[in-house]
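Participant: Here you go, sequence then predicted model.
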Amino acid sequence: MYETTIEEILEAQNGNQEKLNDIVEKNAKLIWSIVKRFQNSKYEKEDLFQIGALGFIKSIKRFDKNFNVKLSTYAVPYIIGEIKRFLRDDGEIKISRSLKELNTKIIMLKKEYEKQGKELTIEKMKKELKESKENILMAMESENCVKSMYEENQEGEINVNIVKQLKIESHENETIRNMILKEELQKLKDKEKEIIILRYFYGKTQSEIAKKLGTNQVQISRIEKSILLKMRENIKERL
C-alpha cells in the first residue's frame, strides 16, 4: 500500500490542491478497502467512496508528523467516521462478517490481557492476531467494539473520565483520541495543565488540589470547568 511522505502532506496542508488530489488518488485503494466493508444496498459504492474520500482529506488536514504514525493508519477512523455519519440517519449500518469475526477476536484478546494485568496496544493486536493495523482499526471502529483502553487507568495514562467529560465522539479510536487529548493538554497554561493532570491522571479531589496549590475548592472547581469547556470547544472544531 502506498505511503504518503511528510513532505507531500505538508504541501497539501499548505494549500496545494493538486498535491491534495494526488494524495487522495494514490490512497484510493485504502479508501476502497474500507468502503467495501460497509454492506448497504441503499447507496452505490462509488457514492460511499466519495464520502470516505472526504474523511481522508480531513485526516490529511489534521495530520501532524509528531504523531509518529503513518497517514494510512491515522486516516482509517476518519474515513470510517465520515461514512458512518452519512449512513447513520438512513437506517442500520451493516458490518461485514469478517470484521465482526475480527471484532470478536479483539474482545477475547483484550479479556486475556486484562486477566494478566497487561496493556493491550494496537501493535500487540497486530502481532497476536496476524492482522494489519488498518484491519484492526476498521474492526474496532466499525461497531465501536472495544471500550476505551483507558478504563483500567494506570499512572501516566489518560483517564476515561476526561474522555467522557470532553465528549469526544465515539468514532475516534483510542490512538487518535489519545493524540487529540495530548495536543489539547499541551495548549494549556502551566497551572491549568497541573490541575487537569492532578485531577484526571492521578485522581486527586478538588480539595486536595486546592490545598496543594494554596487556594480553595470552589476556585479549583471554577477553573476546572473553564478548562474542560475550552478543551471541549477546541475538540468539537476538530471532529
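Facilitator: Nice, thanks for sending it over. Numbers count the residues shown, from 1 in each chain.

Participant: Look at Glu131 and give its secondary structure.
Facilitator: Taken by DSSP: H, G, I helix; E, B strand; the rest coil, the conformation at Glu131 corresponds to coil.

Participant: Pretty sure it sits against Lys124.
Facilitator: No. Assessed by CB atoms under 8 Å, Glu131 is found out of contact with Lys124, at 11.6 Å. The way it works is simple: take the backbone N, C-alpha and C, and place the C-beta from them, glycine included.

Participant: buried ones in the helix ranked longest in the chain?
Facilitator: Ranked by residue count and defined by DSSP state H, the top helix of the chain is helix 217-238. The neighbour-count check on helix 217-238 (16 or more other CB atoms under 10 Å) flags 220, 223-224, 227-228, 231, 235 as buried.

Participant: between those residues, which is closest to Gln17?
Facilitator: Ile235 (27.2 Å; CB to CB).

Participant: The closest one is in contact with Lys187, isn't it?
Facilitator: No. Counting by CB under 8 Å, Ile235 sits too far from Lys187 to count as a contact (11.0 Å).

Participant: how much space between Phe67 and Ala75?
Facilitator: Between Phe67 and Ala75 the computed distance is 11 Å (CB to CB, to the nearest Å).

Participant: Please say which of those two ends up with more neighbours.
Facilitator: Ala75 (29 against 17; other CB atoms under 10 Å).

Participant: Secondary structure element holding the more buried one?
Facilitator: Using DSSP states H and E, Ala75 falls within helix 71-88.

Participant: Output that helix in CSV with nothing but the alpha carbons.
Facilitator: Taking Å, rounded to 0.1, in the frame of the first residue of the first chain, the C-alpha atoms of helix 71-88 are listed here in CSV:
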residue,chain,number,x,y,z
LEU,A,71,-1.1,8.6,7.4
SER,A,72,-2.7,5.4,6.2
THR,A,73,-3.2,4.3,9.8
TYR,A,74,-4.3,7.8,11.1
ALA,A,75,-6.8,8.2,8.3
VAL,A,76,-8.8,5.0,8.9
PRO,A,77,-11.0,6.2,11.7
TYR,A,78,-11.7,9.5,9.8
ILE,A,79,-12.8,7.6,6.7
ILE,A,80,-15.0,5.2,8.7
GLY,A,81,-16.4,8.0,10.8
GLU,A,82,-17.4,10.0,7.7
ILE,A,83,-19.1,7.1,6.1
LYS,A,84,-20.9,6.1,9.3
ARG,A,85,-22.2,9.7,9.8
PHE,A,86,-23.5,9.6,6.2
LEU,A,87,-25.3,6.2,6.8
ARG,A,88,-26.4,6.8,10.4
